[in-house]
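K.L.:
Sequence below, structure please.
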Amino acid sequence: MSPTPDLRRLTHFIAVAESAGFTSAAKQLHLSQQALSHSVQQLEKEIGAALLIRSGRHVMLTPAGQTLMDEGRALLAAATTLTAHTRAAASAQPDVFVVGHSPAISNHDVYALIEPAIAAAPHTSFTVMQLFPERLTAGVRDGVVQLGLRRAVVPQDHLAGAVIGYEPLRVALPAQHRLAARAPIGIADLADDVIALWAPPGASYYSDFLINACRRAGFEPHYRVSRVQGCPPEVAALTESAAAFVTAPAGPALNGAVMIVDLDEPLLVPIQALWQPHTSSAVRDLILRRRP
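P.N.:
Numbers count the residues shown, from 1 in each chain. From the prediction side, this is the model:
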């Protein structure tokens, strides 16, 4: 049986790698440099590979060391999650399942996804929170968020993930907009309008997706990042006096202040689920069963 890394030594190694040296890592860990160096050497023996190139007070990672640092962080986070789950089980407290979602996904969309799990897990407490993509992935990686949901189909840094569905996009417009009474409309009809986004292009897959959809329709869009976050996406049609791509049903919204209209050609956007690798969750499995 192949040896597995000692988690304490793995913690020591990652501290050295992140600090690029033993001095600051030793202070951080409250260890002597000699004890820390010995711990890392023992880890190298366990794994059977050199992890660091030592040059004076500084160190560099070998290819094996880079791999261990990248994937070892996920392993340590999973170990922390395992400890928390075990203690929660011993205390007989209700399970808490936290779902994080990016601003591009509404609370209504999230509830539709988790509703079967809520019904099937009556002893679990669910918390839904909106997070920007960077905080979302960090929360999943650290185990603070048990399931992350975002508009993407791209790999995430050392997280497990799957596309669990596609939803048709529609366009939310102020009720007095020239296109509000038309249905359906084409994306090209929005060429003279401001397009509401929830993050700048380049910082969000979803923003890039919407910008590219406009470009495929033959125009370079004028866009504005919404200054109101956390509300249903159709709110951006009012706050930004803009066209906002949404997944809400067609028809009036926000007490008639906004009209949501269909597109004449289907435009499907994915929902990607993210979770911490090396972990298991019966509640998460209930939600992921929706995957296509």
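
K.L.:
For this structure, which helix extends over the most residues?
P.N.:
As assigned by DSSP state H, the longest helix anywhere in the chain is helix 63-91.

K.L.:
And that one, what's buried?
P.N.:
The neighbour-count criterion (16 or more other CB atoms under 10 Å) identifies 65, 68-69, 72-75, 77-79, 81, 85 as the buried residues of helix 63-91. In short, each C-beta sits where N, CA and C put it, glycine included.

K.L.:
and that helix, average pLDDT?
P.N.:
The predicted model gives helix 63-91 an average pLDDT of 78.

K.L.:
Against which helices or strands is the following helix or strand past that helix packed?
P.N.:
Secondary structure here is assigned by DSSP states H and E; on that basis, the next helix or strand after helix 63-91 toward the C-terminus is strand 95-101. Packing contacts for strand 95-101, counted by 3 or more CB pairs under 8 Å, 6 or more residues apart in numbering; DSSP states H and E, involve helix 107-120, strand 124-130, helix 133-142, strand 147-150, helix 282-288.

K.L.:
what angle separates the first one from strand 95-101?
P.N.:
If you take axes from the mean of the first three to the mean of the last three CA atoms, to 10 degrees, helix 107-120 sits at 160 degrees to strand 95-101.

K.L.:
distance between helix 107-120 and the chain's centre?
P.N.:
If you compare the mean C-alpha spot of helix 107-120 with that of the full chain, they lie 18 Å apart, counting by CA atoms, centre = their mean, to the nearest Å.

K.L.:
which residues touch that helix?
P.N.:
Residues external to helix 107-120 that are found in contact with it (CB atoms under 8 Å, 6 or more residues apart in numbering): 97, 99, 101, 124, 126, 128, 130, 149, 164-165, 167, 232, 247-248, 271, 283, 286-287, 289-290.

K.L.:
Also the last one?
P.N.:
By CB under 8 Å, 6+ apart, the residues outside helix 282-288 that reach it are 95, 97, 113-114, 116-117, 120-121, 124, 146-147, 162, 164, 273, 275.

K.L.:
just the fourth one next, same as before
P.N.:
With contact meaning CB under 8 Å, 6+ apart, strand 147-150 is reached by 97-102, 104-105, 110, 113, 131, 133, 136-137, 139-140, 159, 205-206, 271-275, 281, 284, 287.

K.L.:
quick one, the helix or strand of the chain with the lowest mean pLDDT and strand 95-101 angle?
P.N.:
One helix or strand of the chain scores below all others by mean pLDDT, DSSP states H and E: helix 63-91, with a mean of 78. Our comparison of helix 63-91 with strand 95-101, counting by the same axes, to 10 degrees, yields an angle of 130 degrees.

K.L.:
Determine the three-state secondary structure at the nearest residue in space to residue 40 that is not next to it in sequence.
P.N.:
Of all residues beyond its chain neighbours, the one nearest residue 40 is residue 13 (5.2 Å), with distances taken as CB to CB, 6 or more residues apart in numbering. Using DSSP: H, G, I helix; E, B strand; the rest coil, the three-state assignment for residue 13 comes out as helix.
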